[in-house]
Each structure stands twice: as C-alpha cells, then as structure tokens.
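Here is a sequence together with a model predicted from it:
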Amino acid sequence: LRASRAPITRGMAEGGDYEQAVVFVNEKDGMSNDHKLAAYGLYKQVTAGNCDTSRPGFFNQVGRAKWDAWKSREGMSTEDAMRAYVDLAKAIGFEPVVAAAAAGGGEE
C-alpha cells in the first residue's frame, strides 16, 4: 500500500504537514491493515479525487479493500482529506517538523 510522492499543494496551511505525513506513513513499519487502508483511501482522495473506477472482482480481495477505503471518502474535499491524513499519521506517531525549526531558525 505504499503511495508515490503526493503533489505539492500550495496555499494550504497543512500542505507541508501533509507531505511530511505521507513520507512518515510510507516509511512506517508495523502499521495495521486498518491504518494502511485508511491512509490509502485518504491519499487517493487527495491525489485523485472521488473514486471513478468500478469495484474490483470478488477474487481480488486486496483491490476491493483498497477500493472500499477510497470510495468511503467520496465527497470529501482535498483539504479535509489532507487534514484527516495528517490526523491519522499523528495517531500512529507522526510529529510534523516546523520549517523554521528544521532550518535552525526561530527564537531562543
């Protein structure tokens, strides 16, 4: 269920956190299948929008589970899906890095 790099989304406060969360989830070992499917559904909603494919056949159980996870997010806005993805990542240990802190900036 590894996802490719998400497109850069400009103008969204959560854009940077979302991209960091995608990297975190892709590198996270030991995630439950439920978390993987939730992340997949949200990622697809962010990158592709509403599900526009037919449900895979009965014998493709993995494909059906992934399709169901994506379809369950139908109607969710890109911004809401990004926020939900970041929230999911935080629930499994993700901590966003603030750009200023990462660059060594900020107040002392």
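Happy to help now that I have it. Numbers count the residues shown, from 1 in each chain.

Now the helix or strand that residue 66 is a member of: average pLDDT?
When elements are assigned from DSSP states H and E, residue 66 belongs to helix 61-71. Averaged across helix 61-71, the pLDDT comes to 98.

buried ones in it?
Across helix 61-71, burial judged by 16 or more other C-beta atoms under 10 Å covers 65-67, 69-70. C-beta here means a position set from N, CA and C on the backbone, and glycine is covered the same way.

What helices and strands are in contact with that helix?
helix 33-48 (3 or more C-beta pairs under 8 Å, 6 or more residues apart in numbering; DSSP states H and E).

Would you indicate which residues of the helix it packs on are buried?
Neighbour count says helix 33-48 has 35-47 buried, by 16+ other C-beta under 10 Å.

Quick one: residues in contact with that helix.
1, 3, 6-7, 9, 18, 22, 25, 31, 51, 65-66, 68-74, 76, 78, 81-82, 84-85, 88-89, 91-92 (C-beta atoms under 8 Å, 6 or more residues apart in numbering).

Among those residues, name the buried ones.
Applying 16+ other C-beta under 10 Å to these flags 1, 6, 9, 18, 22, 25, 51, 65-66, 69-70, 73, 76, 81-82, 84-85, 88-89, 92 as buried.

those helices in the chain, which residues are they?
Taking DSSP state H as the test, the helices found in the chain are 15-27, 33-48, 61-71, 78-91, 99-102.

okay if I get those helices as CSV plus distance to residue 55?
Formatted as CSV, the helices of the chain follow (distance: least, C-beta to C-beta, whole Å):
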stretch, distance to residue 55
helix 15-27, 24
helix 33-48, 14
helix 61-71, 5
helix 78-91, 20
helix 99-102, 41
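
neighbours of the closest residue to residue 20 other than its chain neighbours, just the number please.
Residue nearest to residue 20 in three dimensions, not counting chain neighbours: residue 96, with 5.4 Å by C-beta to C-beta, 6 or more residues apart in numbering. Residue 96 has 18 neighbouring residues, counting by other C-beta atoms under 10 Å.
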